[in-house]
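Student: coords below, sequence missing:
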């Protein structure tokens, strides 16, 4: 087990290194530059460039940046003057994380329940309902779900607040909108996986032991069927994270996604770079945790037999 | 024993014709798949919807008297009417034409991205899986690392480098999009390569090229087609997402994502403007998902001959 | 003759598929007596596994369903049991060993837990006792270092070891009957011999009846007391192992034997495979299912299902060649007096 974890950690660090390198050079390749505001005189712009170290060779900038990163320093924003990227992330990330965690919990719990229910009641109306929810869910981009929820529950029926993020009622609509796609995806995979497991020989063995159907489902089917769901947890976290970009915009939540999209349109290099790297580290870290959880859940993975 | 006659008890020997008889008709792979796909009503409906949309995307803008760029300050934000079938947008552009122009872009991006990703992924994955060795090891290490990187971040950055437009969008979506297919094809090819029928062909001295053509490809083509069908929605989704956050298609071109973004801005006042792009995105996704599910069942060789 | 512990009477079992109903088992009856090893032999697709699994009702239902017949276990009809009774019956009275030990154990559960599960809800003995019983059974099926194996996962065991665990699961509640569905097919030959030896030994020690499903007449010869030969969902011939081997009365049984390579088969002597394929059970032939592949096929074989001819208490066959009007063939055996037909 220890060996397995060390292997995963090394892989994660390598991934991060490559990620940061790619992001750094891609950001520098971007057309347009941050100091094109016509109010700036050429002198000031040049000074600014010097201040941010853009006059040095790319390779020097790269190593400087990496050094700063190691100290956990993402640098200054070029747009919001005098604010560090760290500060902005610190201000905005809690909102995104709160929203994301709510959405994830919703998606995974309901997704699993729907998937299991559909598989157990295969061919019945319940199954049909669950499958329809799953198909509709995977067919709607989250900004459309967000817009729908906002329009009907917020504007038309006035059941929930339309925007901002200041209490439980405020979180309901965005969390639902954000979770729907993932929920559908999880339920779909869980259903397929449950059905796959149902036809396995060890289920027949379990049946031949005289176990009750409840026990067979709980101990033999779900435990084995949940593996494929765990493999998509990593991408799922990523999906929820991207979802926050648009959901935050629609519901006017002061989260990180909103600032990220802004930094892209403002050509705010260091902000984009910093936030991208932060997202990258975050996701790679999530993947690492998922991998380790997977190793704990499936004894075959630990020793490398898959 | 009156009921038996002596001539009934003369030995006739084996009946060579009957003993090999199989009463089920033999169907080719594609025939069988097509039969099952047609029987799957939801998948068939999906196929019909898609065909309709593709035809409309090609012909509707040609047959309309409006141009998708022509603004009309006398007809802004109109509700659907006989004149403008789906209403007009904030600058008085006809939504009907714009929706189908958007369909062209969205569908084209979905299709091209998925096809390119499939081809690149299948070729690289196939070569790695089939030949193995050092090449495989190196490529797979790279793929593993790339796989760990959130693809959307790379896509966003590449879009920022290349600028807006259809071609940059396709490139951006393909930069990392092939990795999934690559991993999956490699795994399949690797598994097939170890199977007895490939071994048998090898022992018989069949050249690699023929083995790949006759034994490997027919066994993964079904899964590839399904994969293709399932990855088109993903590409359309990402296009819509990128357009939504302002990185997708440059105006005056439009896609469903652009239309949705424009629509959401007027959600409170003119909800019908978001309705149509949302409707078409969702129904297309629905059709593709249904078709993909149907294809998966129809093309799975393990499910052949069953319901 | 001892009272049978388990008897199948006129079982008809079918599956519904898109092409129609597959009649997998057509009118099969046989008895299992206490402490005996009964072999069911036949080629793939002859309905032997379906027969075995329907005794415990393990076939997926639907698409499978009983069209008729009864399965009496100690006088009680398995088909009429309610859910609770059926579960008790599976847990306590009968065990099942599947063909492929690689896929028949749950990969995410420890071996010990999988064995102990049998007692779940069917006994009120303490945890400690259950564990003792489990360790004991592990030792009994020849697993050394039982304590260690108890805590391991299936993927840490070899194939033969896994099959032993499967047998342990089947035996742990000391059932009166265990059904082994080709238990050695997926194992290599030395392991096969060990497993067969183990089954014989367990029969001696525990007095369990064993139903042995196989396509391998060698296995039958080695361990079975009585044999049932199945083809096309029907029973072709039955009798003691000796009778089946030395007084073969059905051309199919002969064909099965001729198609095995044996050590004493001379090098230049050709194996005689049975040509052709088994009948399509979507539309089974009206007469004898083997008629199309039989060298001695007569007109009547295609028209009417053969009657059963009895040669001794145990030995009987369903073949028209035994009819008094049929020509003489090497298969002709003297019928038992007073009981020509059933």
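Tutor: Nice, I can see it. In this text, all values refer to a predicted model and were calculated from it rather than measured experimentally.
Student: Now do the buried residues in the helix or strand harbouring residue B:167.
Tutor: Applying DSSP states H and E as the criterion places residue B:167 in helix B:166-193. For helix B:166-193, the neighbour count (16 or more other C-beta atoms under 10 Å in any protein chain shown) marks B:166, B:168-186, B:188-190, B:192-193 as buried. C-beta: built from backbone N, CA, C; applies to glycine.
Student: check whether that helix contacts chain A.
Tutor: No: using C-beta under 8 Å from any C-beta of the partner chain, helix B:166-193 never reaches chain A; the gap is at least 9.6 Å.
Student: which helices and strands does that helix pack with?
Tutor: Using 3 or more C-beta pairs under 8 Å, 6 or more residues apart in numbering or on different chains; DSSP states H and E, the elements in contact with helix B:166-193 are helix B:95-131, helix B:133-148, helix B:151-162, helix B:217-244.
Student: how about the ones you listed in a markdown table, adding distance to residue A:292 and mean neighbour count?
Tutor: Listed next are these as a markdown table, based on distance: least, C-beta to C-beta, whole Å; neighbours: other C-beta atoms under 10 Å in any protein chain shown:
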| stretch | distance to residue A:292 | mean neighbour count |
| --- | --- | --- |
| helix B:95-131 | 27 | 22 |
| helix B:133-148 | 14 | 15 |
| helix B:151-162 | 22 | 22 |
| helix B:217-244 | 27 | 21 |
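Student: OK, now which residue of chain C is nearest to chain A?
Tutor: residue C:91 (2.8 Å; C-beta to the nearest C-beta).
Student: Just give me the neighbour total for the nearest residue to that residue once chain neighbours are set aside.
Tutor: Once flanking residues are discounted, residue C:91 sits nearest to residue A:210: 2.8 Å by C-beta to C-beta, 6 or more residues apart in numbering or on different chains. Counted by other C-beta atoms under 10 Å in any protein chain shown, the residues lying close to residue A:210 total 26.
Student: cool, and the one 5 residues further on?
Tutor: If you count neighbours by other C-beta under 10 Å, residue A:215 ends up with 17.
Student: Model confidence score at it, please.
Tutor: pLDDT for residue A:215: 84.
Student: Let me know the helix or strand that it is in.
Tutor: helix A:213-215.
Student: do that helix and chain C meet at all?
Tutor: Yes: counting by C-beta under 8 Å from any C-beta, chain C has neighbours in helix A:213-215: residue A:215.
Student: how far out from the middle of the chain is that helix?
Tutor: Here the centre of helix A:213-215 is set off from its chain's centre by 34 Å, with C-alpha atoms, centre = their mean, to the nearest Å.
Student: Ok, stretch C:296-315 next?
Tutor: Relative to the centre of its chain, stretch C:296-315 is centred 22 Å away, using C-alpha atoms, centre = their mean.
Student: How about stretch B:175-189?
Tutor: Relative to the centre of its chain, stretch B:175-189 is centred 15 Å away, using C-alpha atoms, centre = their mean.
Student: Might you report the residue contacts of the closest residue to chain C within the stretch 51-200 of chain A?
Tutor: As assessed by C-beta to the nearest C-beta, chain C sits closest to residue A:200 within the stretch 51-200 of chain A, at 6.4 Å. By C-beta atoms under 8 Å, 6 or more residues apart in numbering or on different chains, the contact list for residue A:200 reads A:224, C:103.
Student: Could you check the pLDDT of it?
Tutor: Note for residue A:200: predicted pLDDT of 82.
Student: Just want the phi and psi numbers for it.
Tutor: phi -70, psi 150 (degrees, to the nearest 10).
Student: Tell me where the model's unsure across chain B.
Tutor: Low-confidence segments of chain B (pLDDT under 70): B:1-3, B:15-27, B:301-307.
Student: Of all residues in it, which one is nearest the centre?
Tutor: Central residue of chain B (C-alpha atoms, centre = their mean): residue B:229, 1.9 Å from the mean position.
Student: Quick check: nearest residue in space to the residue in the stretch 101-250 of chain A positioned nearest to chain B, chain neighbours excluded?
Tutor: Per C-beta to the nearest C-beta, residue A:139 is where the stretch 101-250 of chain A lies closest to chain B, at 3.5 Å. Using C-beta to C-beta, 6+ apart and skipping residues adjacent in sequence, the residue nearest residue A:139 is residue B:285, 3.5 Å away.
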